[in-house]
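[1] For reference, the sequence and a predicted model appear below.
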Amino acid sequence: MQRTITALAAAVAMLGFAAGPAAAKAPAAEPTASITELAVTASGGGALDGNSGDYDILVQALIATGLNDVLAGPGAFTVFAPNDLAFQRTVQEIAGLDALPSEEATLAAVVATFGDAVDDVLLYHVTGGTLSTGDVFRARSLEMVSGGTVEPRGINLRDGDATRRNPRLVLAASNLVATNGVIHTIDRVLLPA
């Protein structure tokens, strides 16, 4: 009886072991949306709403600057995408504002705070190539499309502004694979020097 139980336990363990790697090697579905399309879809269409965890403000800023077409085009990009709460936090800190009542107010504050530098700030969130979170963790520095440098330190991303708190990767919303790259959500806006 003991031999039967031991053999059964061994068989179950072997089946579990064999099934684990096979499940892990199952191919992921091919992405069908560009970075821009993925951000718009993840934001329920990209219209400003009350969900602070999506990318409505980023989508609206990309459309206003015309950078949405760049991130919808060919190429391989890694985008560190601030969610709506990230924009709110950053603008509140920089402008010394109290809580912003809506995403519309946050978007207006972003435009007022960054002015003509909005393009540069947005491009400071994009680097060439498709980097997984593991690639980001291993990188000592990343050259951003804007020409600036970001230094990953674990989940923290050291940006050019040493006076403010550094953005962090939101791991639960990272590695969002698109046809032309990947999106990693961050909890604050990256600021160039």
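    Cool, the structure landed.
[2] Can you name the residues that contact Ala64?
    Val111, Val118 (C-beta atoms under 8 Å, 6 or more residues apart in numbering). In short, each C-beta sits where N, CA and C put it, glycine included.
[3] If you could redo that for Phe80, that was the one I meant.
    In this structure, Phe80 makes contact with His125, Val126, Val150, Leu157, Pro167, Leu169, His184, Thr185, Ile186, Leu190, judged by C-beta under 8 Å, 6+ apart.
[4] would TSV of these with secondary structure and distance to Ala64 be doable?
    Listed next are the contacts of Phe80 as TSV, based on DSSP: H, G, I helix; E, B strand; the rest coil; distance: C-beta to C-beta, whole Å:
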residue	secondary structure	distance to Ala64
His125	coil	15
Val126	strand	16
Val150	strand	23
Leu157	strand	24
Pro167	coil	21
Leu169	strand	26
His184	strand	22
Thr185	strand	21
Ile186	strand	20
Leu190	coil	18
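[5] now the residues you listed as a markdown table including pLDDT and distance to Phe77?
    Formatted as a markdown table, the contacts of Phe80 follow (pLDDT from 0 to 100; distance: C-beta to C-beta, whole Å):
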| residue | pLDDT | distance to Phe77 |
| --- | --- | --- |
| His125 | 98 | 10 |
| Val126 | 98 | 5 |
| Val150 | 98 | 14 |
| Leu157 | 98 | 16 |
| Pro167 | 97 | 17 |
| Leu169 | 98 | 16 |
| His184 | 98 | 11 |
| Thr185 | 98 | 15 |
| Ile186 | 98 | 15 |
| Leu190 | 98 | 15 |
